[in-house]
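*Asks:* the following block contains a protein sequence and its predicted model.
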Amino acid sequence: MSIAAETKQQVADIGDKYKYGFVTDIEMERAPKGLSEDTVRYISAKKSEPAWMLEWRLGAFKRWGAMREPTWARVHYPKIDYQAAYYYAAPKNTPLKQSLDEVDPKLLETYKKLGIPLHEQMALAGVAVDAVFDSVSVATTFKDKLNEAGVIFCPISEAIRDYPELVKKYLGSVVPVTDNFFATLNAAVFSDGTFVYVPKGVRCPMELSTYFRINASETGQFERTLIIADEGSYVSYLEGCTAPKRDENQLHAAVVELVALDNAEIKYSTVQNWYPGDENGLGGIFNFVTKRGDCRGRKSKISWTQVETGSAITWKYPSCILRGDDSVGEFYSIAIANHFQQADTGTKMIHIGANTKSRIISKGISAGKAQNTYRGLVSVYGKAKNARNYTQCDSLLIGGDCGAHTVPYIESRNPTARIEHEATTSKIAEDQLFYCLARGIPQDEAVSLIVNGFCKEVLQQLPMEFAVEAQKLVGISLEGSVG
Amino acid sequence: MTAANLIRGLPEARRNEAAALFRARGVPHRRIEDWKYTDLRAALGEAGVGAVVAQWLVANLPAGVEMFDLSQANPPEWVSAHLGHATGNVMSAASLALSAGGVALRVPKGMAIADPLKLDFTGTGHVRALLVLEESASLTLVESAAVSEFRNAGLEIVLGENAGLDHVRLSPADAEAVLVEEVNVRLAANARYRAHYAAFGGKLSRMEVEIALEGAGAQAHLSGVSVLDGKRHSDVTTHVTHAAGNTRSTQLFKHVAAGQARAVYQGKVTVAKGANGSDSNQSAKALLLGENAEADLKPELEIFADDVKCAHGAAVGDLDAESLFYLRARGIPEAEARGLLLHAFLEDAVAEIADTDQRELVRVELLTALKAIA
């Protein structure tokens, strides 16, 4: 089978796979339908949270009641009935499969195409890994290593119990409870998430992604992530994975907060491949995420890398507040929208400290009937002497029925600051395609090559093993869109 | 308000529509996304937009150009046909609904007018103007906007096939003036609109340009400079729509802001579905010369067709240190070197003016303004 035909097959597989994923009836333990103070209390009680956390949630809930859903983004969706959804659902004893033989072969095929190692395939597909290999020992090895370094890495619900002082100090300090409609909703009803604390001077001994993938932890509907890098520390974290994700909650509203103190660095990578809806725009995840990093200390650095290929609607703007002098913010993004997908994504770089630097590289690809918007803000405050920003956002259109939009805001209040912004819009150049075809490379493959070349600068930023998978994912996401 | 207070040639339905739009939206303020950097409501304060009528003046009407006073009854057919084209622009709706006067001008088919037509808006209040260039007609329009407490002018331009208009607009500096002007241009196939807007700022100054490239081969070339000092503000907001294929647009805007001044550029380019072969380029640059000066740039692209070439660039900064060093190393004093570089920075955009006399005029104004800064 030629690679092109193979990728076509993969797309078909993914489609089928999702149908599979969505009919699976898993026994759930649920909070009563709808959203009220009782729901918030229920969730808090389920998590055995201390009183101060409940107060925090209730405060957010009260506030949320008075807020209005934002409408400024270029995304259209039917009105969400917040009372018709469940806000807490914990899977109860999900029956584990005994071996990979019980897993849908098409799903396995997709994993294989993405190059996901066998053990991880099992974990992802919900096979009882213990039966096959000793996951406990793997996890324990990781845990030991992290403990040795003093890195705290645990579910946020555990952190609330075990490290209340840290949580109290940092939770909501980057994305305030009142930040925006979806962040406030998250503050009231978040079910779980991740907490990371890297102590002073520690370089996290592994990519936290590695651990995360093996554990394939359940991504909640309202996830809350808090990562703190103390002075002089370094951590790299990867969220999500290239494998298509099964999920039956339509609305996702996650909040991610990053805090980098003096000389600390956080690298946060995301690969998002949630259900995008079918070819006719039916179904799919609404992904409304608030992600923000605070370079609180001098010479701190926060780097966001994202590959967004899934979800029917993506609404996210991972941002950096460059508060500390000499701090650095980076944003590398690939957003692919095919069929009826809508993506409105970008970043904010807020230069507050002197000598702060930021760099934005955004690659938007639209195909089918999709709409893809880059929306970004670079703001230089009066005291940000010698601030520098460079922004490049490129759009690629495939077919005449899609849209690619660029909405950059540039605000400068300091004469010594230098901001540069460039944007281009293009289609796949005929001469590039011709060059490939003349050398015997089939059209589909050529397109995949060209698109990967278009995205190269961003793919390079991903941790190695994910870069390889993401590259394949880019091809898969676009196959079937070129005539 | 009685009927005598309104433009008589404007069909009732169009006026009502405009009035309803303005009533619904009200005076724009910074919570409205398009007016984020220009708070008209705050600048006007209690007084609001009022319902006073501003004046217009055409000093020397070149031979061949037809003119009609909009306060008069029984307008010719070409006036009623084109006046008050609905755009959804809130301040344009206000000028249409609230003004009782204005002027309509027409260059008949095939006529090339050599002398520039000078149009001045004066006084406080709302005023309307309509300029129609019929097929293959051409004209140079020189507009000056004398200062006033508050004026809202709505200028509509209709260009027939192959028509060509050169438009130069000069708006003087006045720290107290609140000037809002909407220019709406519709271009038929192969028509050409070339405009230069030179602005020196006011308490609030907003130039809102909407251009629709409706026919294949239509072109719009916009350029502009602004030199601001003190607490002056200048906002150029453009929206170019490539509604047909093989259309071209270019934009080049240069701003210099000193003191506590604020320079704003918001430019949006829309390429409609099917408008293949559209080519658009947008460039906006600002130099900040004062510790408290501010520049806000928002070059926006909205693309619904794939066979297009669209690019935009924007940059904010100070004068290039290396260039400055180069000049100083050759014995040019710093103040003079800075002046030279500023001039060079602005000249790119001024060079876009086709008419030699007008280009010189803008240069002189720029020199004066730059001297005031240095």
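*Replies:* In hand now; what should we look at? These numbers were taken from a predicted model, which means no experiment stands behind them. Numbering: from 1, shown residues only, chains lettered A, B, ... in the order given.
*Asks:* quick one, what contacts the closest residue to B:Gly277 other than its chain neighbours?
*Replies:* Closest residue to B:Gly277 apart from its sequence neighbours, by Cβ to Cβ, 6 or more residues apart in numbering or on different chains: B:Asn246 at 4.1 Å. Quick note: C-beta positions are derived from backbone N, CA and C, even for glycine. Going by Cβ atoms under 8 Å, 6 or more residues apart in numbering or on different chains, B:Asn246 touches B:216-217, B:276-278.
*Asks:* quick one: contacts of the helix or strand where B:Ala20 lies?
*Replies:* Assigned by DSSP states H and E, B:Ala20 falls within helix B:12-25. The contact list for helix B:12-25 (Cβ under 8 Å, 6+ apart) reads B:6-7, B:32, B:83-84, B:86, B:88, B:90, B:92-94, B:96-98.
*Asks:* redo that, cut-off 6 Å
*Replies:* For helix B:12-25, the surrounding residues in contact (Cβ atoms under 6 Å, 6 or more residues apart in numbering or on different chains) are B:84, B:86, B:90, B:93-94, B:96-97.
*Asks:* tabulate the CA atom coordinates of the following helix or strand past that helix in CSV.
*Replies:* Downstream of helix B:12-25, the next assigned helix or strand under DSSP H and E is helix B:40-44. Only the C-alpha atoms of helix B:40-44 are listed here, as CSV (Å, rounded to 0.1, in the frame of the first residue of the first chain):
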residue,chain,number,x,y,z
LEU,B,40,-15.7,58.7,21.1
ARG,B,41,-18.3,58.7,23.8
ALA,B,42,-15.7,59.8,26.4
ALA,B,43,-14.3,62.5,24.1
LEU,B,44,-17.7,64.0,23.4
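*Asks:* how about helix B:40-44: buried residues?
*Replies:* With burial defined by 16 or more other Cβ atoms under 10 Å in any protein chain shown, the residues of helix B:40-44 counted as buried are B:40-41, B:43-44.
*Asks:* could I get the residues you listed in JSON lines, plus columns for pLDDT?
*Replies:* JSON lines is the format used below for these (pLDDT from 0 to 100):
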{"residue": "B:Leu40", "pLDDT": "96"}
{"residue": "B:Arg41", "pLDDT": "95"}
{"residue": "B:Ala43", "pLDDT": "94"}
{"residue": "B:Leu44", "pLDDT": "93"}
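*Asks:* max pairwise distance over those residues: which two?
*Replies:* The largest separation in the buried residues of helix B:40-44, counting by Cβ to Cβ, is between B:Arg41 and B:Ala43 at 7.4 Å.
*Asks:* grab the most central residue of the chain for me.
*Replies:* Looking at chain A here, since you left the chain open. Centrality entry for chain A: nearest residue to the mean C-alpha point is A:Thr270, 4.1 Å, by Cα atoms, centre = their mean.
*Asks:* my question was about chain B
*Replies:* Centroid-nearest residue in chain B: B:Met207, 4.5 Å away (criterion: Cα atoms, centre = their mean).
*Asks:* that residue belongs to a strand, doesn't it?
*Replies:* Yes - assessed with DSSP: H, G, I helix; E, B strand; the rest coil, B:Met207 lies in a strand.
*Asks:* ok, it - contacts?
*Replies:* Contacts of B:Met207 by Cβ under 6 Å, 6+ apart are B:181, B:197, B:236.
*Asks:* kindly recompute the last result at 8 Å.
*Replies:* Counting by Cβ under 8 Å, 6+ apart, B:Met207 touches B:169, B:171, B:181, B:183, B:197, B:199, B:224, B:234-237.
*Asks:* got it, and A:Asn287?
*Replies:* Applying Cβ under 8 Å, 6+ apart, we find A:Asn287 in contact with A:252, A:272, A:274, A:310-311, A:313-316.
*Asks:* which parts of the host helix or strand of B:Leu366 are buried?
*Replies:* According to DSSP H and E, B:Leu366 maps onto helix B:356-373. Within helix B:356-373, the residues that count as buried by 16+ other Cβ under 10 Å are B:358-359, B:361-363, B:365-366, B:369-370, B:373.
*Asks:* so can I have TSV of the residues you listed showing distance to A:Asn414 and pLDDT?
*Replies:* Shown next, in TSV, are the buried residues of helix B:356-373 (distance: Cβ to Cβ, whole Å; pLDDT from 0 to 100):
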residue	distance to A:Asn414	pLDDT
B:Gln358	35	94
B:Arg359	33	95
B:Leu361	34	94
B:Val362	29	95
B:Arg363	30	95
B:Glu365	28	93
B:Leu366	25	93
B:Ala369	23	92
B:Leu370	21	91
B:Ile373	18	84
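*Asks:* TSV please, covering those residues and showing distance to chain A.
*Replies:* Putting these into TSV (distance: Cβ to the nearest Cβ, whole Å) gives the following:
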residue	distance to chain A
B:Gln358	30
B:Arg359	29
B:Leu361	29
B:Val362	25
B:Arg363	25
B:Glu365	23
B:Leu366	20
B:Ala369	18
B:Leu370	16
B:Ile373	12
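*Asks:* from the residues you listed, pick the one nearest B:Glu156.
*Replies:* B:Gln358 (21.7 Å).
*Asks:* so that closest one touches B:Thr140, yeah?
*Replies:* Yes - at 7.3 Å, B:Gln358 counts as touching B:Thr140 under the criterion of Cβ atoms under 8 Å.
*Asks:* who's in contact with A:Tyr374?
*Replies:* A:Tyr374 neighbours (Cβ under 8 Å, 6+ apart): A:335, A:345-346, A:362, A:364, A:393, A:395, A:405-408, A:423.
*Asks:* which phi and psi values does it adopt?
*Replies:* phi -100, psi 130 (degrees, to the nearest 10).
*Asks:* again with B:Ser92
*Replies:* Per degrees, to the nearest 10, the backbone of B:Ser92 is at phi -70, psi -40.
*Asks:* in contact with it, which residues?
*Replies:* B:18, B:154, B:182, B:184, B:208.
*Asks:* any figure for the gap between the first one and B:Ala42?
*Replies:* Counting by Cβ to Cβ, to the nearest Å, the gap between B:Ala18 and B:Ala42 amounts to 24 Å.
*Asks:* try the last one
*Replies:* Here the criterion is Cβ to Cβ. By it, B:Glu208 lies 18 Å from B:Ala42.
*Asks:* for chain A, spot the helix or strand the model is least confident about on average.
*Replies:* Ranking every helix and strand in chain A by mean pLDDT, DSSP states H and E puts helix A:3-23 at the bottom, with a mean of 44.
*Asks:* before we move on, back to that, chain B: which of the contacts of A:Asn287 is nearest?
*Replies:* Distance to chain B, by Cβ to the nearest Cβ, is smallest for A:Trp315 among those, at 16.3 Å.
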